[in-house]
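Visitor: Just a sequence and a predicted model for now, questions to come.
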Amino acid sequence: MENCIFCKIVKGEIPSNKIYEDENVLVFLDIAPVNLGHSLIVPKKHFANIYETPEETLAEMMKAAKKISKALKSELGADGINVTMNNDPAAGQIIFHSHIHVIPRLSGDGFPLWHGRRPYQEGEMNEVEKKIIGGL
Ligand code: 5GP
Ligand code: ZN
């Protein structure tokens with residue numbers, strides 16, 4: 001994929017701090033970490049997001065996420081790990097090459113998660129449940 005930063009990183013055309021690779025995925029340090037060691041798991045082939053990435057590839061990405069999570073805990077002393085994937089701009093995606101963030105968290109580091117949660121209103125939860133099931 002032309003002009004994709006992560007494809008260029010996979011090909012070695014742009015430098016990165018690689019921490020793991022296998023046949024299917026590459027893992028490197030995020031250039032602007034939430035906490036030190038924040039890593040990105042990318043498939044070596046270009047897919048834009050979760051919808052386009054084959055299930056087998058997503059499974060390979062998650063296998064790598066587990067390996068990296070354990071290393072971030074044991075080697076960097078992370079107290080916790082967030083594993084997240086942003087899909088589409090509304091969800092914060094800025095690089096349109098599928099990737100999973102593995103983010104080491106430290107007790108009291110203060111990064112807030114999921115602002116603005118609210119309870120369902122009367123009947124709303126069942127409605128939403130039906131809609132989602134209808135699309136599976
Ligand atoms: P997104 O918001 O798309 O889920 O996350 C993209 C991530 O890629 C961001 O956390 C950003 O810091 C990281 N990033 C963007 N450009 C580069 C780069 O050239 N090198 C590395 N290592 N990370 C990058
Ligand atoms: Zn790409």
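Guide: That came in fine, so what should we check first? Ligands and ions are numbered 1, 2, ... in the order given.
Visitor: Would you state the helices of this protein in chain order?
Guide: Counting by DSSP state H, the chain has helices at residues 5-11, 55-76, 124-134.
Visitor: deepest of those, which one?
Guide: Comparing the helices of the chain by mean neighbour count (mean count of other C-beta atoms under 10 Å), helix 5-11 ranks first with a mean of 18. In this view, the C-beta of every residue, glycine as well, is placed from N, C-alpha and C.
Visitor: quick revisit: want to throw the helices of the chain into TSV with distance to residue 35?
Guide: Shown next, in TSV, are the helices of the chain (distance: least, C-beta to C-beta, whole Å):
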stretch	distance to residue 35
helix 5-11	21
helix 55-76	8
helix 124-134	33
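Visitor: wait, which of those is closest to residue 95?
Guide: helix 5-11 (5.9 Å; C-beta to C-beta).
Visitor: contacting residues for residue 118?
Guide: With C-beta atoms under 8 Å, 6 or more residues apart in numbering as the criterion, no residue contacts residue 118.
Visitor: thinking again about what came up before, and the helices of the chain: which comes nearest ligand 2?
Guide: With respect to ligand 2, and counting by C-beta to the ion, the nearest of the helices of the chain is helix 5-11 at 3.3 Å.
Visitor: Run through who's touching the closest one.
Guide: So helix 5-11 is contacted by 1, 14-16, 26, 28, 40, 42, 44, 46, 95, 97, 99 (C-beta under 8 Å, 6+ apart).
Visitor: What pLDDT does the model give residue 116?
Guide: Residue 116 is assigned a pLDDT of 89 by the prediction.
Visitor: what about it, how many neighbours?
Guide: 4 (other C-beta atoms under 10 Å).
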